[in-house]
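Peer 1: The following comprises the amino acid sequence and a computationally predicted model.
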Amino acid sequence: MGEAVKDGREEVIQAWYMDDSEEDQRLPHHKDPKEFVSLDKLAELGVLSWRLDADNYETDEDLKKIRQSRGYSYTDFCEVCPAKLPNYEAKVKSFFEEHLHTDEEIRYCVGGSGYFDVRDRNEAWIRVWVKKGGMIVLPAGIYHRFTVDSENYIKAMRLFVGEPVWTPYNRPHDHLPARKEYVDNFVINASA
């Protein structure tokens, strides 16, 4: 039998169930034994992913196609590191507060790496490690949080439909229409 074909995305995006440790949020926090989560499983939760050419993002045809098909008309960059982000430690802690957005959160890692943690259908944390070349879309209404990893550096392109809206609603905000729609589409109907 031949070797299984590895999805190229897995070189820049990996996911696993997290342990319950209170240690530094920037550590991997693998369970023991490690329990990895497939990118297909993430897609069942509404989390989409791509592997793109981060060294040529300005001319990348695949990125252009994704932007056109999904209506991402606005981009900017966010660099999270001690040298670039004022009040770095406080900001990193604030990003790690569990929250949701009423719009998709689209992040394309063009340098460094970081962790996006999302809840599964049973409220367990899944850690999604996004490295240079990885792009993820977190659906509107999903509870999540972000932290840099132990390298303390990520440069990400943020993409938006129209003018940027980036309002975090810390948990609980289950009454918001975006949360109700997420639960209907990815929690209730998906498990039925």
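Peer 2: The structure has been received and is ready for your questions.
Peer 1: so where is the protein shaky, pLDDT-wise?
Peer 2: 1-6, 190-192 (pLDDT under 70).
Peer 1: Could you identify the longest strand within it?
Peer 2: In terms of residue count, the longest strand belonging to the chain (DSSP state E) is strand 105-119.
Peer 1: any idea which helix or strand comes after that one?
Peer 2: Following strand 105-119 in sequence order, the next helix or strand is strand 125-131 (DSSP states H and E).
Peer 1: Which is the succeeding secondary structure element to that following strand?
Peer 2: Immediately after strand 125-131, counting by DSSP H and E, sits strand 134-138.
Peer 1: Output that next one as PDB - backbone C-alpha positions only.
Peer 2: The C-alpha trace of strand 134-138 is given here as PDB (Å, rounded to 0.1, in the frame of the first residue of the first chain):
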ATOM      1  CA  GLY A 134      -1.400  29.500   6.700                       C
ATOM      2  CA  MET A 135      -4.700  31.400   6.300                       C
ATOM      3  CA  ILE A 136      -7.700  30.700   8.400                       C
ATOM      4  CA  VAL A 137     -11.300  32.000   8.600                       C
ATOM      5  CA  LEU A 138     -13.100  31.800  11.900                       C
END
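Peer 1: returning to what we had before: pairing partners for the longest strand of the chain, with directions?
Peer 2: Sheet pairing for strand 105-119, assigned by DSSP bridges, gives strand 125-131 (antiparallel), strand 134-138 (antiparallel), strand 144-148 (antiparallel), strand 154-160 (antiparallel).
Peer 1: any idea how far the residue positioned nearest the centre of the chain lies from residue 180?
Peer 2: Closest to where the C-alpha atoms of the chain average out (Cα atoms, centre = their mean) is residue 116, at 4.2 Å. Residue 116 is 22 Å from residue 180, where distance means Cβ to Cβ, to the nearest Å. (Each C-beta comes from the backbone N, C-alpha and C, glycine too.)
Peer 1: Now do the longest helix seen in the chain: distance to the chain's middle.
Peer 2: Assignment by DSSP state H gives helix 61-70 as the longest helix of the chain. In terms of Cα atoms, centre = their mean, to the nearest Å, the centre of helix 61-70 is found 18 Å from the chain centre.
Peer 1: Right, I'll call it a day here.
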